[in-house]
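In: I'll drop the sequence and a predicted model, then ask my questions.
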Amino acid sequence: MNKVIMIGGPTASGKSHLAIELAKKLKNITPVQIINTDSIQVYKDINILSSQPSENDKNICKHSLYEFFPPEKSCSVWIWKNLAEKSIKLAWSKNYLPILVGGTGLYFKSLIEGLSDIPGIDEKIRLAGRNIMDRYGSQKLFNDLLDRDASLVSSLNHNDSQRVLRAWEVFFSTGKSVNYWHNNKKNKFLDATWYGFSILPNRDKLYNKINSRFTKMIEMGAIEEVRSFLTKNLNPKLPCTKAIGIKELTGYLNNLYSLDKAIELSQMSTRHLAKRQYTWFRNQMKDFIVLDGELDSNLNKIFNIIHR
């Protein structure tokens, strides 16, 4: 049976470094291919802010699905899943061990559980939903669903604007709830032995690392990266524009506040992201083995498990 290793967890938790060290440890046993499982790292032109692998890391082992997708387009989970499956199969065909690494929990779940085969959303409905949210907020969309059937919002938090918008779009476009489609998932990718790991380090240490990492990004040229990125004049609703640091450093470049303030806002946004990811991997990826030790401890734990 073919094997796949999955390493997930919050941003700045050391996932990529652990994968590289694992590749080194496995060097004399099997070659490794690291496959990106992060929804921001797929995009071109934001290398620093998205923490792309270094050239040195790329020389240690093969990497795929990093910085390949045009920023003016949207890389959906369906697109990523199809490309990831091809990358995994190609790795197997060359006797490489695929290691999926990233912080996008939905990407992991799409491979393990499959995806809901939701029909395409009518563009008029999509536009109407976004206009309602922009004008009245997500509570109006939530109430629209609630007025029709309380079960439509049973799994929703009315403050989670993106999920509420998605539920509204799906219902008014298909006539069925998101839960209906989620309970009828397809396209599982199961012909492998999966080894899943979640890195969930001490939160104080994680937050300190997040703060210092963004300061280092500034030193590496993040401001110039954002300045160049802004010349593309992209739609601000595109996924790539959600990379932390773009909005915050744009405010600095537009003289809305100081660089120190931009750094503070970026660090805070990253900590909030890490908190959400931490919760996701703890609650949604219950079959993943939790790694909360230091690098050597985590490395040995993975190595021993996959070679039982």
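Out: Ah, there it is. Numbering: from 1, shown residues only.
In: who's in contact with the residue nearest in space to the middle of the chain?
Out: In the chain, the residue lying closest to the centroid (C-alpha atoms, centre = their mean) is T104, at 2.6 Å. Residues in contact with T104 (C-beta atoms under 8 Å, 6 or more residues apart in numbering) are 37-39. The way it works is simple: take the backbone N, C-alpha and C, and place the C-beta from them, glycine included.
In: Could you check how far P119 is from R126?
Out: Shown here: P119 relative to R126, a distance of 13 Å by C-beta to C-beta, to the nearest Å.
In: Please identify every residue contacting each of the two.
Out: With C-beta under 8 Å, 6+ apart as the test, P119 and R126 both reach S173.
In: Give me the more crowded residue out of the two.
Out: Between P119 and R126, counted using other C-beta atoms under 10 Å, R126 has the larger neighbour count: 16 against 10.
In: what comes up buried for the helix or strand containing that one?
Out: Taking DSSP states H and E as the criterion, R126 maps to helix 123-136. Buried residues in helix 123-136, counted by 16 or more other C-beta atoms under 10 Å: 125-126, 129, 132-133.
In: returning to what we had before: now the buried members of the contacts of T104.
Out: 37-39.
In: For stretch 260-275, could you pull out the residues that count as buried?
Out: In stretch 260-275, counting by 16+ other C-beta under 10 Å, buried: 262-263, 265-271, 273-274.
In: What is the longest helix of the chain by residue count?
Out: helix 259-284 (DSSP state H).
In: Which other helices and strands does that one contact?
Out: helix 105-113, helix 203-220, helix 246-253 (3 or more C-beta pairs under 8 Å, 6 or more residues apart in numbering; DSSP states H and E).
In: neighbours of F288, just the number please.
Out: 23.
In: quick one: the strands in the stretch 1-150 of the chain?
Out: Per DSSP state E, counting those that start in this stretch, the stretch 1-150 of the chain carries strands over the ranges 3-8, 32-36, 62-64, 97-102, 115-116.
In: Now do stretch 177-192, average pLDDT.
Out: Across stretch 177-192, pLDDT averages out at 72.
In: Now the terminal residues of it, how far apart.
Out: Across its full length, stretch 177-192 reaches 32 Å between end residues, using C-alpha to C-alpha, to the nearest Å.
In: try stretch 55-65
Out: So stretch 55-65: terminal residues 15 Å apart, C-alpha to C-alpha.
In: Off-centre distance for it?
Out: 19 Å (C-alpha atoms, centre = their mean, to the nearest Å).
In: Other residues contacting it?
Out: 16, 20, 23-24, 31-37, 42, 53, 80, 83-84, 87, 91, 96.
In: how about it: buried residues?
Out: 57, 60-65.
In: So which of the helices and strands packed on helix 259-284 is nearest S297?
Out: S297 sits nearest to helix 203-220 of all the helices and strands packed on helix 259-284, at 14.1 Å, using C-beta to C-beta.
In: Let me know the average pLDDT across that closest one.
Out: pLDDT averaged over helix 203-220 gives 97.
In: Contacts for it next, please.
Out: With C-beta under 8 Å, 6+ apart, helix 203-220 has contacts from 10-13, 48-49, 51, 222, 245, 259, 263, 266-267, 270-271, 274-275, 278.
In: Convert the C-alpha atoms of stretch 223-238 to CSV, please.
Out: Extracted in CSV, the C-alpha atoms of stretch 223-238 (Å, rounded to 0.1, in the frame of the first residue of the first chain):
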residue,chain,number,x,y,z
ILE,A,223,7.4,46.3,2.1
GLU,A,224,8.8,46.3,-1.5
GLU,A,225,7.0,43.0,-2.2
VAL,A,226,3.7,44.7,-1.3
ARG,A,227,4.6,47.8,-3.2
SER,A,228,5.2,45.7,-6.3
PHE,A,229,2.0,43.6,-5.6
LEU,A,230,-0.1,46.7,-5.5
THR,A,231,0.9,47.7,-9.1
LYS,A,232,-1.2,44.7,-10.3
ASN,A,233,-4.4,46.5,-9.2
LEU,A,234,-6.1,43.2,-8.3
ASN,A,235,-9.7,42.9,-7.1
PRO,A,236,-9.4,43.1,-3.3
LYS,A,237,-11.8,40.1,-3.0
LEU,A,238,-9.3,37.7,-4.6
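In: Quick check: mean pLDDT of that stretch?
Out: 95.
In: Output the buried residues of stretch 55-65 as a markdown table; include the columns distance to G196 and pLDDT.
Out: Below are the buried residues of stretch 55-65 laid out as a markdown table (distance: C-beta to C-beta, whole Å; pLDDT from 0 to 100):
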| residue | distance to G196 | pLDDT |
| --- | --- | --- |
| D57 | 22 | 97 |
| I60 | 23 | 97 |
| C61 | 20 | 97 |
| K62 | 21 | 97 |
| H63 | 20 | 98 |
| S64 | 19 | 98 |
| L65 | 18 | 98 |
